[in-house]
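>>> Okay, here's the prediction I keep looking at, along with the sequence it came from:
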Amino acid sequence: MKYTFLLLVGMLCLPNAYAQEGLPIYTDYLTDNYYLIHPSMAGAANCAKVRLTGRQQWFGHEDAPRLMTLSVNGRIGDSPSGIGGILYADKNGYHSQTGAYLTYAHHLMFSRSELDLNMLSFGLSAGFIQYQLDETTFPFDGQDPIVQGVVQSATNFNIDFGFSYHYLDFYAHGTIKNVLKNSGINNDVLITSNLRRYLLSVGGVFGKLGSEWSYEPSVMFQYRDGTQESMVDFNAKVYKQMEFGTLWGGLSYRQSLDGAQFISNGNTIRSQKLQQITPIVGVNYNQFMFAYTYTYQSNSVVFTNGGFHQLTLGYNFSCRRKRYECNCPAVN
């Protein structure tokens, strides 16, 4: 009953955290980490970047989902090209996956000089994902052909493709993730091999000339092709320039546009949609970055009232002088 309950709650409350879909998409991209979800951002910034993230859900509960990612990206010398790499390990109950991606991006400048930012970028990531399903603790009597009582594993190849457009203080990103079919280790008819996901992000940074304060509203839309699910993030960030660097914080609200049905009070069928609220705080100190995010799930039916904690550590290196006269923290 424990295993069944965990599975049902995971399917009901975490539609953005299924195993076997590649790198899960949370709100870590808001911690100066857009490259993690948009390959076209490799090498787009003024500095090369290293970002390490750790995410833990439901502290104190065995087999709770957790995720570790390590990403690095930067320009190739003074060329208009950038490269990057991502390593990640994701565990969700009896499912786990590890992946490695390599990225190439190319950046086209349309402005006459670097004072006015007008840049179109394209990026392609290719990588391998190893899936595992640990059945060693499953009841095994040989009667169910699906349960083999071993650790099943499979390795698949997939690619992501995307673009980014930066114009002065505004930006837009579009990415297709898991372009290829990828069946993982499941033969269950309920598990689709179409893991394609479409992402679209738009936003801008606003602030008075010479002011220490700036503000960044943004929106990200996600759509899963195989299951026809969609959700949207509404984000707001604020920056305060300091002598040592930048203090910043923000708030993200994620809303699923599709509901999940469940049985309540014995025979009543009800429906709810995923709703998450995520406050974010961070600091840039010289070339270092630290951020913390806490995600609270506001659905009426949840596994636990405890939230999801995530830490991000970053380091910028090989920095060039500030290139653009704009409020564009993801690039400058």
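Happy to help now that I have it.
>>> burial measure for residue 172, as a count.
Here the number of neighbours of residue 172 (other CB atoms under 10 Å) works out to 15. All C-beta spots, glycine's among them, are computed from the backbone N, C-alpha and C.
>>> name the element it belongs to?
strand 170-177 (DSSP states H and E).
>>> Can you list the low-confidence ranges for this structure?
For the chain, applying pLDDT under 70 flags the ranges 1-21, 58-63, 139-146, 148-149, 182-192, 260-266, 269-270, 299-306, 322-323.
>>> OK, contacts around the nearest residue to residue 258 once chain neighbours are set aside?
Once flanking residues are discounted, residue 258 sits nearest to residue 229: 4.9 Å by CB to CB, 6 or more residues apart in numbering. By CB atoms under 8 Å, 6 or more residues apart in numbering, the residues touching residue 229 are 15, 223, 256, 257, 258.
>>> Output the residues you listed in TSV, with neighbour count and distance to residue 28 appended to each entry.
Listed next are the contacts of residue 229 as TSV, based on neighbours: other CB atoms under 10 Å; distance: CB to CB, whole Å:
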residue	neighbour count	distance to residue 28
15	18	18
223	16	20
256	19	19
257	13	22
258	14	23
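>>> what's the closest of those to residue 326?
residue 223 (29.8 Å; CB to CB).
>>> circling back: output the contacts of residue 229 in a markdown table; the columns should cover distance to residue 236 and secondary structure.
As requested, those are exported to a markdown table (distance: CB to CB, whole Å; DSSP: H, G, I helix; E, B strand; the rest coil):
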| residue | distance to residue 236 | secondary structure |
| --- | --- | --- |
| 15 | 24 | coil |
| 223 | 23 | strand |
| 256 | 20 | strand |
| 257 | 20 | strand |
| 258 | 24 | strand |
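>>> quick one: which two of those are the most distant?
15 and 223 (12.2 Å).
>>> Please work out how many residues are found near the residue nearest to residue 29 when sequence neighbours are not counted.
Counting by CB to CB, 6+ apart, residue 29 lies nearest to residue 37, which is 4.9 Å off, once chain neighbours are set aside. If you count neighbours by other CB under 10 Å, residue 37 ends up with 23.
>>> So residue 37 sits against residue 199, correct?
Yes. Distance between residue 37 and residue 199: 6.2 Å, which falls inside the contact criterion (CB atoms under 8 Å).
>>> Now the common contact residues for these two.
Common neighbours of residue 37 and residue 199 (CB under 8 Å, 6+ apart) are 25, 175, 177.
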